[in-house]
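Asker: structure, please.
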Amino acid sequence: PQRSGDCQLLVEPTGLKAKRLLVVGLGKRKDFAQRGWRKAVAAALAASLKTRAGHLALAIDQPESDAVGDYYLGRAVADLTGSALYRVNDFKTARKPPRPALRRVSLAGLSAAAQAAARRGLVQGDAIAAGQSLLRDLGNLPGNVCTPRYLAKQAQELARSHRNLKVRV
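Answerer: The predicted model follows:
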């Protein structure tokens, strides 16, 4: 793949322990920046969700001219993963599509020090993604379900699960 976001899945690549290798196009080197990097990560996540893979190890180089720190790298991957895994809450009784099989995303090719910073970013990015998912769920609920009383109950449940959060209704 040469265009940014194009993907090619290779099954049982020689010389690797992995069962599958997903190659993602980054576009022209001179045009590759953080926006293209985010697009490539999102494309890799979307393609891996179609394969029902349980673990995705990302090894996408950052742009040389627009590189970010390892913490932000982890946080961005967690944010993009949360967005890719989000499914709209649905009240329909019809058969629902299967939940994504992806359970773990890791960053490959980082030094030990870089992995520690990226891991911190992954943890905090995962918390941000969980908050965004809750907000999306609440925003997608119909008005007859998401009433002020319902919102108050949700806030109280959050306060029960997070001791440092105080709620007054």
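Asker: what comes up buried for the helix or strand hosting Leu80?
Answerer: Using DSSP states H and E, Leu80 sits in helix 70-85. By 16 or more other CB atoms under 10 Å, the buried positions in helix 70-85 come out as 70-82, 84-85. (Each C-beta comes from the backbone N, C-alpha and C, glycine too.)
Asker: again, but for stretch 113-131
Answerer: Ala114, Gln115, Ala117, Ala118, Arg119, Gly121, Leu122, Gly125, Asp126, Ala129.
Asker: and the first one, that's in a strand?
Answerer: No - the secondary structure assignment for Ala114 gives helix rather than a strand, going by DSSP: H, G, I helix; E, B strand; the rest coil.
Asker: quick one, what contacts it?
Answerer: Contacts of Ala114 were listed using CB atoms under 8 Å, 6 or more residues apart in numbering, and they are Asp70.
Asker: please redo it, this time with the cut-off set to 10 Å
Answerer: Contact partners of Ala114, counting by CB atoms under 10 Å, 6 or more residues apart in numbering, are Gly69, Asp70, Tyr71, Leu73, Gly74, Leu107.
Asker: next: Phe32.
Answerer: Ser4, Leu26, Lys39, Ala40, Asp61, Gln62, Pro63, Glu64, Ser65, Asp66.
Asker: now Leu107: how far from Gly121?
Answerer: 9 Å (CB to CB, to the nearest Å).
Asker: residues that sit against both of these two, list them.
Answerer: Shared contacts of Leu107 and Gly121 (CB under 10 Å, 6+ apart): Asp70, Leu73, Gly74, Val77.
Asker: for the last one, give me its contacts.
Answerer: When contacts are counted by CB under 10 Å, 6+ apart, Val77 is found next to 38, 41, 44-45, 56, 58, 60, 105-107, 118, 121-122, 125-126.
Asker: mind doing that once more with 6 Å?
Answerer: Applying CB atoms under 6 Å, 6 or more residues apart in numbering to Val77 gives no contacts.
Asker: check it and give its pLDDT.
Answerer: Among the per-residue scores, Val77 shows a pLDDT of 92.
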